[in-house]
Structures are given as C-alpha cells and as structure tokens.
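Visitor: Could you look at this predicted model? Sequence included:
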Amino acid sequence: MNNPYGVEAMWNQGDAIIKAVAITLLLMSVASWFVIVVRTWRLSRLRKSEAALQKFWHTHSFEEGLALFGPVKDNPYRNLAEEGEAAVAHHLHHRDDLHGHMPLADWVTACLKGSIDESAERLQRGLAILASVGSTAPFVGLFGTVWGIYHALVGIGVSGQASIDKVAGPVGEALIMTAFGLAVAIPAVLAYNALAKANKGVIGKLNRFAHQLHAYLLTGAPPSPKKSAIPVAVSKFSLARQEAN
C-alpha cells in the first residue's frame, strides 16, 4: 500500500515549481558529493607523497629525491622542486634578460612562491561549489516548503475542509523540502571545513619545503635551524652588553 504522505505522494501532487526545486536540490547534492569524492581521493594520494617528503633530504642527489615522489601528475611537492631547479638553470643561462639583473635569491623566491600559489589554486578547485551548496541549499528547500504550504492552504480554502487529515498531508509533504535542503547542505558544509583544513596543512608543508629548497639551491645544503639560532643568540648577548656599558 502506498504511503499517502510520503515522498512519492509529494512528487505526484506537486506542481512544476516543487518538482524544479526537488531536481535542483538533487543536482546540488550530486555536484557536492562529486567534489567531496574527488578532492578526498587526491588528498589521500598526497599523503603518500608526504612520506617521501620526509626522506627527500636523506637521498644522495636531487634527482634521487625527485624519484621518491614518483611520476604522479600534479604532485605539488615534485612540481615545487622541479620549479626551483628550473629557476636556477633559467637564471644562469638567460642573464641578458630582464630577470637576469635580479639577484638569484629573489628570482628563486619568486618562482617558488609562484609554484605554491598555483598548487593552492589546484587544491581549492571545487571548494566554491561546496560553499555555494552549503549556503544556498537550505534556502532552496525552504522556498519549496513555503510554496508547497501556500498551495496546500489554497487547496484547503477551496475545499472548505480544514480537518487534521486534510492539513497534515499537504503541509507534511511541503516540509519534506526543508529536510531535503538540510540533507544537501550539511554534508557540503562539513566537507568544506574538512577539505579547507587539509589544504591548509598541505600549503604549510609546501612553504616549509620551499624554504629548504631555497637554501639548498643557493648554498647546496638545506637550512639548519640549530646553526641559524647561534648567531641570533650571540647578537642579542652583544647588544645587551652594549646597553649595560
């Protein structure tokens, strides 16, 4: 026996606007889940590259370090390393160009920053869809609810019957649209927050890797935090002695 108050009854009794709202919510849900699945899958692939990132500076050559990342397409860590190496080679072989008058350190910094910006743009693709769905889906469902209640009340007024069995069906069917809107919006909002946090972590690792690459490409060795802290401590101690005298 069919449920006279279910979703099927709402679809059969609804007009073109109610059906359009339902189809819109369905398309929004499909788009958001497509983005969620694709972005989650790509982030899972990047986690494997993060393990190689820890071993990069323990290799014996730059090419051996690049091989650890594998031939993965759009790998931001490998792209960053290759961009830095290409920046040094391009600067050395094109000294007559305008960028040839720039210091090598500034040129490498600009190229590494450009690579990080491009990786950030790729990581954020699709997040705008999740943000749009999460912010608009409840209102789309609410519009369907208001429209459905309006037509339900018009039908009750025309028939002249306001008993509970006449009111519960149409109004309950209209409220289903609000539930649909929330069901579409909540996963989109949660996924947006989770993916944005994960992307922020990837960008942080890229910035740290770029700092190490910058030092290696200019000096031939990654930076050593312990060594760099000694001159700072000495300078502070000397400044304190000068102020005391």
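Guide: Sure thing, it's come through. Residues are numbered from 1 along each chain as shown.
Visitor: okay, which residue is most central for this structure?
Guide: residue 124 (3.9 Å; C-alpha atoms, centre = their mean).
Visitor: Return the per-residue confidence for the residue nearest to it when sequence neighbours are not counted.
Guide: Among residues not flanking residue 124 along the chain, residue 199 sits closest, at 6.4 Å (C-beta to C-beta, 6 or more residues apart in numbering). For glycine as for every other residue, the C-beta is placed from the backbone atoms N, C-alpha and C. Note for residue 199: predicted pLDDT of 92.
Visitor: so what's residue 199 up against?
Guide: When contacts are counted by C-beta atoms under 8 Å, 6 or more residues apart in numbering, residue 199 is found next to 43, 120, 123-124, 127.
Visitor: Same list (those) but as TSV, adding distance to residue 103 and secondary structure.
Guide: Converted to TSV, the contacts of residue 199 look like this (distance: C-beta to C-beta, whole Å; DSSP: H, G, I helix; E, B strand; the rest coil):
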residue	distance to residue 103	secondary structure
43	36	helix
120	25	helix
123	30	helix
124	31	coil
127	36	helix
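Visitor: which intervals of the protein have sub-threshold pLDDT?
Guide: 1-14, 71-73, 94-95, 97-101, 155-156, 158-173, 220-245 (pLDDT under 70).
Visitor: now do 50
Guide: Within the chain, the ranges that satisfy pLDDT under 50 run 1, 225-245.
Visitor: longest helix anywhere in it?
Guide: helix 164-219 (DSSP state H).
Visitor: just to revisit the earlier point, which of the contacts of residue 199 are buried?
Guide: Buried by 16 or more other C-beta atoms under 10 Å: 43, 123, 127, out of the contacts of residue 199.
Visitor: From the contacts of residue 199, pick the one nearest residue 86.
Guide: Of all the contacts of residue 199, residue 120 has the smallest distance to residue 86: 19.4 Å, by C-beta to C-beta.
Visitor: so who does the closest one touch?
Guide: 199, 203.
Visitor: Can you show me the helices along the protein?
Guide: 7-13, 16-55, 62-69, 76-93, 104-123, 127-159, 164-219, 225-244.
Visitor: Give me the buried positions along stretch 25-36.
Guide: For stretch 25-36, by 16+ other C-beta under 10 Å, it's 25, 28-29, 31-33, 35-36.
Visitor: for that stretch, the distance to its chain's centre please.
Guide: Offset of stretch 25-36 from its chain centre (C-alpha atoms, centre = their mean, to the nearest Å): 15 Å.
Visitor: Can you list the neighbours in contact with it?
Guide: Here stretch 25-36 has contacts from 126-127, 129-130, 133-134, 136-137, 140-141, 144, 177, 180-181, 183-184, 187-188, 191, 195, using C-beta under 8 Å, 6+ apart.
Visitor: Which members of those residues are classed as buried?
Guide: Buried among the contacts of stretch 25-36 by 16+ other C-beta under 10 Å: 126-127, 129-130, 133-134, 136-137, 140-141, 144, 177, 180-181, 184, 187-188, 191, 195.
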